[in-house]
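Q: Sequence first, predicted coordinates after that:
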Amino acid sequence: MTEHPDTTELSDLAEGLLPGTRTADVRQHLAGCELCADVYAALGEIQGLLGSLPAPPPMPDDVAARIDAALAAEPLPSVSGTAHVSRETSTPAVRPTGHARPSSTGPGRKDRRRGGRRRIAVLGAVTAAAAIGLGSVIVSSLNGGSPSDDTAHEQQTALADTFSEGHLKDKVTGLVSDGSAQKESRTPRSFGMESENGGKTAENHVFKQPTLPECIRRGIGRDDAVIATEQGVYKGKEALLVVLPDAANDTRVTAYIVESACVKEPAIGKGKILLEHSYARP
């Protein structure tokens, strides 16, 4: 046998499907052709890899029932004669015994190199790895997404800081200045009685002064009159900015950033001071 068998015949030989007369010719050719022997061995390796894969899960009953119903509803084609022709396969061409099937990709091509066996084995391994990777992606999507999705969600829900040590002085200056301006421009409210001639008696001027939750005051440890307060977030924690007169210098103020979780959770007892700074009074 001088002509190389094609890969289909080699595959049939590996699976024991080649006719007996042709089997002897192909085996005799393999004994003297290293290239065809490499292809035949590679086909055997791929067959072994495919045999080690787990069996696919059975088709669900409802899917099988729908397929059967669709096939039953499809009209059968009219075929002349008694021969049965499958709708899924084409009629093979008649080939004389002892002649190889024509193939443009078989081992008989002169430009084929000896690395065919290695390339086929690698292709089989890559195919198996791709199938495993696809399965892991599907399982991950069914289990609720990848960990990177959870991390992005946590970053979006994190509280954005509104207080920072670098900008605290400007924040305190603005609060103290706004408080002083409001006191100077506030219109006094009269709680006195008007006289018969339209005059007013005994006027009392009432100004609103910031009040502190008791747990915040316990955390600071001072009972001084509060100059200004503002709620915000410091390093991801809900906090309250409290401005008090400096205990040692009347020309300065002291700013406290206190964690305000104790306001919602009385069991904490008192707020924790997160930051404390003294600044000149504006």
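A: Now that the structure is in, tell me what you want to look at.
Q: And stretch 44-62, what's buried?
A: Neighbour counts using 16 or more other CB atoms under 10 Å place residue 46 of stretch 44-62 among the buried residues. Heads up, the C-betas are built off the backbone N, CA and C, glycines and all.
Q: let me redo that: stretch 67-79
A: Quick answer for stretch 67-79: no buried residues (16+ other CB under 10 Å).
Q: Ok, stretch 266-277 next?
A: So for stretch 266-277, counting by 16+ other CB under 10 Å, buried means 270-271, 273-275.
Q: so which of the residues you listed comes closest to residue 163?
A: Nearest to residue 163, judged by CB to CB, of the buried residues of stretch 266-277 is residue 275 at 7.7 Å.
Q: State the distance from that closest one to residue 13.
A: As judged by CB to CB, to the nearest Å, residue 275 and residue 13 stand 82 Å apart.
Q: Which stretches in the stretch 151-282 of the chain count as helices?
A: Taking DSSP state H, counting those that start in this stretch as the criterion, the stretch 151-282 of the chain carries its helices at 168-185, 214-220, 261-264.
Q: Any idea which of the ones you listed gets closest to residue 19?
A: Residue 19 sits nearest to helix 261-264 of all the helices of the stretch 151-282 of the chain, at 84.8 Å, using CB to CB.
Q: Sort out which residues of that closest one are buried, please.
A: Of the residues in helix 261-264, 262-263 count as buried by neighbour count, 16+ other CB under 10 Å.
Q: Could you list every helix and strand that that helix packs against?
A: helix 214-220, strand 237-245 (3 or more CB pairs under 8 Å, 6 or more residues apart in numbering; DSSP states H and E).
Q: now with 6 Å?
A: Helices and strands in packing contact with helix 261-264 are not found; criterion 3 or more CB pairs under 6 Å, 6 or more residues apart in numbering; DSSP states H and E.
Q: Who does residue 277 form a beta bridge with?
A: Beta-bridge partners for residue 277, by DSSP bridges, are residue 255.
Q: Wait, it touches residue 255, no?
A: Yes - counting by CB atoms under 6 Å, residue 277 does reach residue 255; the two are 5.3 Å apart.
Q: Could you list the low-confidence segments of this protein?
A: Along the chain, the model assigns pLDDT under 70 to residues 1-2, 77-158, 180-209.
Q: if we go to 80?
A: The chain contains residues with pLDDT under 80 at 1-2, 51-53, 55, 75-159, 179-210.
Q: Can you name the residues that contact the residue lying closest to residue 14 once chain neighbours are set aside?
A: Spatially, and ignoring its direct neighbours in sequence, residue 14 is nearest to residue 43 (4.9 Å; CB to CB, 6 or more residues apart in numbering). Contacts for residue 43 (CB atoms under 6 Å, 6 or more residues apart in numbering) come out as 10-11, 14.
Q: Relative to residue 50, how far out is residue 43?
A: From residue 43 over to residue 50 (counting by CB to CB), the distance is 11 Å.
Q: Same question for residue 275.
A: For residue 275 relative to residue 50 (CB to CB), the value is 67 Å.
Q: do residue 73 as well
A: 35 Å.
Q: cool, and residue 211?
A: Residue 211 sits at a distance of 78 Å from residue 50 (criterion: CB to CB).
Q: same question, residue 214
A: Distance, residue 214 to residue 50, by CB to CB: 75 Å.
Q: ditto for residue 175
A: 75 Å.
Q: Also residue 178?
A: With CB to CB as the criterion, residue 178 and residue 50 are 78 Å apart.
Q: Same question for residue 28.
A: Residue 28 is 28 Å from residue 50, where distance means CB to CB.
Q: what does residue 38 give?
A: 19 Å.
Q: Kindly report the same for residue 222.
A: 80 Å.
Q: got it, and residue 245?
A: 84 Å.
Q: Ok, residue 247 next?
A: 83 Å.
Q: can you check residue 36 too?
A: The separation that residue 36 has from residue 50, given CB to CB, amounts to 21 Å.
Q: do the same with residue 233
A: With CB to CB as the criterion, residue 233 and residue 50 are 59 Å apart.
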